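S.K.: need a structure here:
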Amino acid sequence: MKKAFAVLVIAIVALSIMSCAPGPNGYVNTKSEKGFVPGFWYGLWNGIISPVTFIISLFNANVQMYEVHNNGGWYNFGFILGISMIFGGGAGSTARRRRSR
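M.R.: Numbers count the residues shown, from 1 in each chain. Take a look at the predicted model:
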C-alpha cells in the first residue's frame, strides 16, 4: 500500500513539473502564443525544473529547457539562479569541507 501511494505521489509531482516546462521555441524576444513574456520568476522556475525538462527534451521535440520568448536579463538571471539552487551552487562544497576537518 505504501509503495502504491509513493508511486502515485511521484507520478503527480512529475506531471505537475512537466506541465510547467517551456514550450517550443520560435522567434527570440517576442510574446508567446498567449501574449505572455516570461520574466524573473518564470526563469527561476524553468531553472529549477531544468534537469527534468532536459531529460524530457531528449525524447520529445516539443519540450525545451529554455524559453526564448523572455524579457532578457531578468529571465536569464532567474534561470541561472534556479539552476544553481538545484545543483547546490558554490557554497555547498565549502560547507562540506569545513565539516570534515
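
S.K.: check the average confidence over the lengthiest helix in the chain, would you?
M.R.: Secondary structure of the chain read by DSSP state H shows that its longest helix is helix 2-18. Helix 2-18 comes out with an average pLDDT of 76.

S.K.: which parts of the protein are helices?
M.R.: Under DSSP H, the chain gives helices at 2-18, 40-48, 50-59, 73-86, 91-100.

S.K.: least confident of those helices, on average?
M.R.: helix 91-100 (a mean of 58).

S.K.: distance of Ile10 from Leu58?
M.R.: Distance, Ile10 to Leu58, using CB to CB, to the nearest Å: 20 Å. To be clear about C-beta, it is placed using only N, CA and C from the backbone, and glycine gets the same treatment.

S.K.: try Trp41
M.R.: 26 Å.

S.K.: which of those two has more neighbours?
M.R.: Taking neighbours as other CB atoms under 10 Å, Trp41 and Leu58 compare with Trp41 leading, 12 against 9.

S.K.: ok, that one to Leu8 distance?
M.R.: 29 Å.

S.K.: can you check Gly78 too?
M.R.: 31 Å.
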